[in-house]
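In: Make a model of this:
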Amino acid sequence: MSATTTRSATPCGSEPDEIVDDSGVQVFEDDVIRPSSPSSGSHKDSTPETPPELDNSVVVQKLYEIECCCGRCASRLSKHVDVDQERTALEAEVSNIPIIQRHPGPDEHVTSSITINCPLMRDILTKALENYYQDPDTLTAENWTFNASFKPLVHRWKKINEIHESIQALAGDGHDADEVAARKKASNNLIAFLTPLLESSITTFDETLATGRIRHKNLWQIFPAGELVVTKFFGVETLCRVSRKHTLSSDDSSMWVMCEYVDWNGRTTGMKGTWVTIKYFKGRQKVTGLEVYPLSMAVDPEGTKARMLARGKRWEGLRGYRYQQYKGHKIAFKVGKEEDVQITTSGRVVIDHYAYYQSEKKRVLELGPLDNEQVGPGDSSAEEEPSGSKDEMTATIVKPETSERVDDSNLPELSDEHRLLTTPWLIGFDLKAKDWARYCIDNLQDIEWNDTAFDNLVSKGGEKQLAWEFVASKKASIQKCDDFVAEKGRGITILMFGPPGVGKTFTAEAVAERARVPLYLVSAGVLSTTPSEVEAALDHALNLCRLWNAMLLLDEADVFLGARSDEGLVRNELVSIFLTKLEYYQGILFLTTNRFSAIDHAFQSRVDLFLPYYDLDSTQRRQVWLNFFKHFGPDKFVVGETDLDRLCEQNMNGREIKNLCKTALLLSGRDNNGVVKADRLLMLAQKRTAALQLLGQKGDANMVGR
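Out: Numbers count the residues shown, from 1 in each chain. A predicted model of the protein is given here:
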């Protein structure tokens, strides 16, 4: 037998140049000599007419000199023409061996990867790695190959041993004795092979559990896929789950853990991904001091789970539209490149994710599915980058009046597992500050409605009762009294006019309180004077009131109600804009003004109810005084009937009486143990009345001087 040697240069990609010498031999640049085609007439007699056939399978073994395409490795002889073919053939040759162990070099103590070929061993690992991967076919797709540092095997080492012990406990009697024996042998071989391979990682992990401290390089050991972990969102303790899609990422300075939690976008509940950063640290760090750590290593794991579950149940009930009371920190949304700002606030808020995305024309937060087979974010748009910046979300913008909200009374119920993972923050609108922000669910409370507000409203001619009857009958009025033109005339407009401080604004507040609906208050005095900006602000307010069935109070609305003239073109445009918006508004609108005589005639015909208010008489002032004494605390005011009569003689409106009570309480806190005496209260009232009279006289004198 003989062997021929052929050099195969894999990286070249082109044929070598050839030279034909005088002897008829082709000489290539790679120095491999091959016979040339015989020239006409030369050596013709030396070649047999019919050469014998050569049995290559017996006589010849072809070897190929393989060179590394990168040029860093020495060439070698192989039966195969290139590296890829050689690797494929080698893998096929050893595919029936139960375990393949690969080494990056001659040092057999360093393992780069292993492959499990034995079906019985694969069955053990399939059970041990259940729910470890997002895609259950991951192991099959990767040909049952595990790369160093063998994270899945380390994370599920305890489970692997439990399965091993259960197999060893099998009796193996009867007809299945051979099968049981084979399973036991495979299990023993798997454990015997993996134990020294994983020993170092298992030892350091056991030390971490025993001491509660860990080195930065070993952080991956405590974050297996699917592990419940504790972290903080804007300073609030939160439970997340290590994602089965993207688990860990790291560089020389930091490590990132891909966590997932349950969120709500106004339409659906789903999974959202976020990267939590653990910065590099030297030595051993306390695990519970990390930015994220396993729930199992918390001081009180069961107590933490109980708190998170209770909060998750409440979060589940707050999806959709909810009117709530809030006291605590809110996270105001950043503007442009600014950072999110934490602000202390208190007051009533409307929790409504749908309204946020719709009214602000924001892209809807994209969420992954909740189902167990795909627990991680559905795609990269549902994740945050390790840097903390958010991806551009491939979602549609919700446009007003085109995409209606889902029925929040019939939302799918969450499992306890998902309740544990709910975010502690909800998006809401601050009715006082008029801005959107994130609100912590721990600081949200059901509203305690002030049922006495309506009763405490002092009115002379039954204005408050008339206003309430209009509001209470709104639904019936809409059904029976629509305009001839579709979508017109479905709202109710109530105009309250009269001097300041006599209860106009308080009427709207008391009626909304009794109706158990939000009151959206807009002061016309703070709106822009640019028609386009005013129109945008009105559209925003009217749209939110429509979504929430809220009442709109436009306070000091003189700029919109004034009669149009040839000179005031800008004001004319403002009035026209407002009249158009009013025509198609379908809710309840309260308007207040101090200048009824200047109202445009076109507007007068669009008002459903006029409520005139007058200066308070002494009887009404007495009731206002008594109401505020009760409100601030009757034990804080020592006022007899005679003193009260003297107070009622002072010509003051309701707002002035309230401010005077507050001032008296502040002063009494320093020298009278918080108790306001009648003489102090009367002195303050007289001085205030005299000062206002003096200011009025000066104002009249200035007018005369002009």
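
In: Isn't N131 up against E227?
Out: No - with contacts counted by C-beta atoms under 8 Å, N131 stays clear of E227, the gap being 11.1 Å. Using the backbone N, CA and C atoms, a C-beta is placed for each residue, glycine as well.

In: neighbour count winner among those two?
Out: E227 (18 against 12; other C-beta atoms under 10 Å).

In: Next, the contact list for the more buried one, please.
Out: 241-242, 294-296 (C-beta atoms under 8 Å, 6 or more residues apart in numbering).

In: which phi and psi does it have?
Out: phi -70, psi 140 (degrees, to the nearest 10).

In: before we move on, which element is the residue most central in space within the chain in?
Out: What sits nearest the mean C-alpha location of the chain, by C-alpha atoms, centre = their mean, is D263, with 5.7 Å. D263 belongs to strand 254-264 when elements are defined using DSSP states H and E.

In: The helix or strand just after that strand to strand 254-264, inter-axis angle?
Out: Note on strand 254-264: by DSSP H and E, the next helix or strand toward the C-terminus is strand 269-279. Taking axes from the mean of the first three to the mean of the last three C-alpha atoms, to 10 degrees, one finds that strand 269-279 is oriented at 160 degrees with respect to strand 254-264.

In: Strand 269-279: what's the following helix or strand?
Out: Following strand 269-279 in sequence, per DSSP H and E, is strand 284-286.

In: buried sites along stretch 495-512?
Out: 495-498, 501-512 (16 or more other C-beta atoms under 10 Å).

In: Correction: the previous question concerned stretch 143-162.
Out: 144, 146, 150-157, 159-160.

In: Tell me which of those fall in strands.
Out: F146 (DSSP state E).

In: can I get the buried residues of stretch 143-162 in TSV with distance to V559 and pLDDT?
Out: Shown next, in TSV, are those (distance: C-beta to C-beta, whole Å; pLDDT from 0 to 100):
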residue	distance to V559	pLDDT
W144	76	90
F146	73	93
F150	73	93
K151	67	91
P152	69	92
L153	73	95
V154	71	95
H155	67	93
R156	70	94
W157	74	96
K159	72	96
I160	76	97
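
In: distance between the ends of stretch 649-656?
Out: 14 Å (C-alpha to C-alpha, to the nearest Å).

In: hmm, who's touching it?
Out: Under C-beta under 8 Å, 6+ apart, the answer for stretch 649-656 is 458, 499-503, 506, 615-616, 618, 621, 624, 660, 685-686, 688-689.

In: If we use 10 Å, what do you get?
Out: Residues from elsewhere that reach stretch 649-656, judged by C-beta atoms under 10 Å, 6 or more residues apart in numbering: 457-458, 499-506, 615-618, 620-621, 623-625, 627-628, 657-660, 682, 684-686, 688-690, 692-693.

In: What subset of those residues is buried?
Out: Here, 16+ other C-beta under 10 Å leaves 457-458, 501-506, 616, 620-621, 624-625, 627-628, 657-658, 660, 682, 684-685, 688-689 buried among those.

In: so where's the stretch 601-706 of the chain shaky on pLDDT?
Out: Along the stretch 601-706 of the chain, the parts satisfying pLDDT under 70 run over 669-672, 696-706.

In: how does it look with 90?
Out: 601-609, 612-617, 630-640, 643, 649-651, 662-706 (pLDDT under 90).

In: buried set for the one helix or strand L574 maps to?
Out: Of the helices and strands defined by DSSP H and E, L574 is found in helix 569-584. By 16+ other C-beta under 10 Å, the buried positions in helix 569-584 come out as 571-575, 577-579, 581-582.

In: Also stretch 651-664?
Out: Residues 652-654, 656-658, 660-661, 664 are the ones in stretch 651-664 that count as buried (16+ other C-beta under 10 Å).

In: pLDDT at F223, what is it?
Out: If you check F223, the pLDDT there is 94.

In: so how far is Y321 from P518?
Out: Distance of P518 to Y321, given as C-beta to C-beta, to the nearest Å: 10 Å.

In: Give the residues shared as contacts by these two.
Out: 350, 548-549.

In: out of the buried residues of stretch 143-162, which one sits closest to I124?
Out: I160 (6.7 Å; C-beta to C-beta).

In: Find the nearest non-adjacent residue to the closest one, please.
Out: A128 (4.6 Å; C-beta to C-beta, 6 or more residues apart in numbering).

In: mind listing what the residue nearest to F610 when sequence neighbours are not counted touches?
Out: Nearest non-adjacent residue to F610, counting by C-beta to C-beta, 6+ apart: L495, 5.4 Å away. Going by C-beta under 10 Å, 6+ apart, L495 touches 504, 554, 557, 561, 589-593, 596, 599, 603-604, 606-612.

In: Confidence-wise, which helix or strand of the chain is lowest on average?
Out: strand 25-28 (a mean of 39; mean pLDDT, DSSP states H and E).

In: Return the distance of the residue nearest to the centre of the chain relative to N143.
Out: In this view, D263 and N143 are 36 Å apart by C-beta to C-beta.
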